[in-house]
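J.: Just need the structure, nothing else, for what follows:
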Amino acid sequence: MSYADSRGRRWLVALVLLVAGVAALQFVSPFVGELVRIVDANYLQAVLRLTVPIAFAALGGIFAEKSGVINIGLEGLLIISAFTSIAVAGLLGGGSPTQPQLWIGFWVAVLASVLFALLFAVVCIEFKADQIIAGLAVWLIALGLAPFTSNVIWGQVNSPPIGTLDGWTLSVPFTDVVLFAASPPVFMMLVSVPLAWYALNRTAFGRWIEASGENPKALDTVGVDVRKVRYTGVLLSGFFSGLGGAGLALGRVGQFIGGGETMISGRGWIGIVAYLFGNYNPLGAFGASFLFASLDALQIRLQQVGYNVPSELIGIIPYLTVVVVLAFVGHTRTPSEAGDHYESGEE
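T.: All right, here's what the predicted structure looks like:
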């Protein structure tokens, strides 16, 4: 193809895109005013609250998979922590827990998620179980155990409402000017994302995590225990998922809903999509989580103002997005040793 032909095609493509853009603008212009009315400060706060479980699950998945262990049981860890937070706080407070009791429930839930992650790590690292099957087992156990225990405690799969954690505010020092107000899990998320990025990209621990998933033999050669690094990666996935599940339950909902897919409703799976979309970068994973949460919040807000947008349609967008990215963009590359078992000293 000659240069002139190539240049002519580029101009033709540009013209087609321009025409399509003008047509799209004409189509959406009647809705711009409505969109401006919908996307306000309350909408953005709702998006941040919806981002919490997705972003924390994504952060946990990044640490586990970059260390060489694929943890697709993030959904189950979110379920376990959401249930535990409500159960512990509710039992401590007799159905009306105080703020300290809610915080006890929150951190016990994080511990429960870490313990489930530890069980998963032992099965995968010590007994060399298939990581995909073990992750599915974690999800299925949580999906059955949480509603069953809810029935034992409350006589139904849904707990009674117990309240949520009081919000935090960020103010200008020595003034009454509030810069930002949100639930505690939102603040934790906004701090955790840059800290996770720093840990993975600017510390020796981050280099160990990277090597454990890319070249564990090289890591073993320099005297770093690959098993310990992988255990740490998986336990961090439990820690972050615990923050996400407890943050959803006590930061936003105030009860455990155990029907169907439970109140987690696929957010752990979307977390996996988010870190794939973000190419294992905590900042990119947070951006993807925020995007998916904003679509969910937009669907809820549109229904509130009279537009009937099917939630199922919104629900497939994250998965469709990552398929498009993987198929046509191709920038996502999984760690080369993710899913493979490693024994110290093996050739």
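
J.: any chance you could map the strands in the stretch 1-150 of the chain?
T.: Taking DSSP state E, counting those that start in this stretch, the stretch 1-150 of the chain contains no strands at all.

J.: Poorly predicted segments of the stretch 1-150 of the chain, please.
T.: 1-39 (pLDDT under 70).

J.: Recalculate using a threshold of 80.
T.: Within the stretch 1-150 of the chain, the segments meeting pLDDT under 80 span 1-41.

J.: can you give me the helices in it?
T.: Counting by DSSP state H, counting those that start in this stretch, the stretch 1-150 of the chain has helices at residues 3-38, 41-66, 74-93, 99-121, 131-154.

J.: Highest mean neighbour count out of those?
T.: helix 74-93 (a mean of 28; mean count of other CB atoms under 10 Å). From N, CA and C alone the C-beta is placed, and that goes for glycine too.

J.: still on that earlier bit, out of the helices of the stretch 1-150 of the chain, which is closest to residue 177?
T.: Evaluated with CB to CB, these place helix 41-66 nearest to residue 177, the distance being 15.2 Å.

J.: tilt between the closest one and helix 99-121?
T.: If you take axes from the mean of the first three to the mean of the last three CA atoms, to 10 degrees, helix 41-66 sits at 30 degrees to helix 99-121.

J.: when you give positions from now on, start the count at 90
T.: Yes, from this point I'll number from 90; that puts the last item at helix 130-155.

J.: Now do helix 130-155 against helix 163-182: the angle between them, please.
T.: Using the same axes, to 10 degrees: helix 130-155 against helix 163-182 is 120 degrees.

J.: Tell me which other helices or strands helix 130-155 touches.
T.: Using 3 or more CB pairs under 8 Å, 6 or more residues apart in numbering; DSSP states H and E, the elements in contact with helix 130-155 are helix 163-182, strand 267-271, helix 273-291, helix 293-303, helix 315-337, helix 356-366, helix 371-393.

J.: swap the cut-off to 6 Å and go again
T.: On a contact count with 3 or more CB pairs under 6 Å, 6 or more residues apart in numbering; DSSP states H and E, helix 130-155 meets helix 163-182, helix 273-291, helix 315-337, helix 356-366, helix 371-393.

J.: Return the distance of that helix from the chain's centre.
T.: Taking the mean of its C-alpha atoms, helix 130-155 sits 4 Å from the chain's own mean (CA atoms, centre = their mean, to the nearest Å).

J.: give me every residue that touches residue 229.
T.: Under the criterion of CB atoms under 6 Å, 6 or more residues apart in numbering, residue 229 has no neighbours.

J.: what about 8 Å?
T.: Residues counted as contacts of residue 229 (CB atoms under 8 Å, 6 or more residues apart in numbering) are residue 165.

J.: for residue 273, same thing?
T.: 254, 255, 256, 257, 336, 340.

J.: Kindly give the local confidence score, pLDDT, for it.
T.: Residue 273 carries a pLDDT score of 97 in this model.

J.: Identify the residue spatially nearest to the residue nearest to the spatial centre of the chain, adjacent ones excluded.
T.: The C-alpha lying nearest the average C-alpha coordinate of the chain belongs to residue 143 (CA atoms, centre = their mean; 2.3 Å). With sequence-adjacent residues excluded and distances taken as CB to CB, 6 or more residues apart in numbering, residue 143 is closest to residue 378, at 4.1 Å.

J.: burial of that neighbour, as a residue count?
T.: Around residue 378 there are 33 other residues, counting by other CB atoms under 10 Å.

J.: Also residue 298?
T.: 27.

J.: what's the spacing between it and residue 145?
T.: Distance, residue 298 to residue 145, using CB to CB, to the nearest Å: 17 Å.

J.: just residue 195 next, same as before
T.: Taking CB to CB, one finds residue 195 at 13 Å from residue 145.

J.: hey, what's in contact with both of those two?
T.: residue 336.

J.: re the thing from before, might one say that the residue nearest to the centre of the chain is in contact with residue 381?
T.: Yes: using CB atoms under 8 Å, residue 143 is in contact with residue 381, at 6.2 Å.

J.: Make a markdown table from the helices and strands packed on helix 130-155 and add distance to residue 422 to it.
T.: Output for those, formatted as a markdown table (distance: least, CB to CB, whole Å):
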| stretch | distance to residue 422 |
| --- | --- |
| helix 163-182 | 20 |
| helix 273-291 | 15 |
| helix 315-337 | 18 |
| helix 356-366 | 10 |
| helix 371-393 | 13 |
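
J.: so which of those helices comes closest to residue 149?
T.: That would be helix 315-337 among the helices and strands packed on helix 130-155, by CB to CB, at 3.4 Å.

J.: how big is the angle separating the closest one from helix 130-155?
T.: Going by the same axes, to 10 degrees, helix 315-337 makes 160 degrees with helix 130-155.

J.: helices or strands next to helix 315-337 in the packing?
T.: Helix 315-337 packs on helix 130-155, helix 163-182, helix 188-210, helix 273-291, helix 293-303, helix 305-310, helix 356-366, going by 3+ CB pairs under 8 Å, 6+ apart.

J.: Tell me what angle the third one forms with helix 273-291.
T.: When the same axes, to 10 degrees is applied, the directions of helix 188-210 and helix 273-291 differ by 40 degrees.
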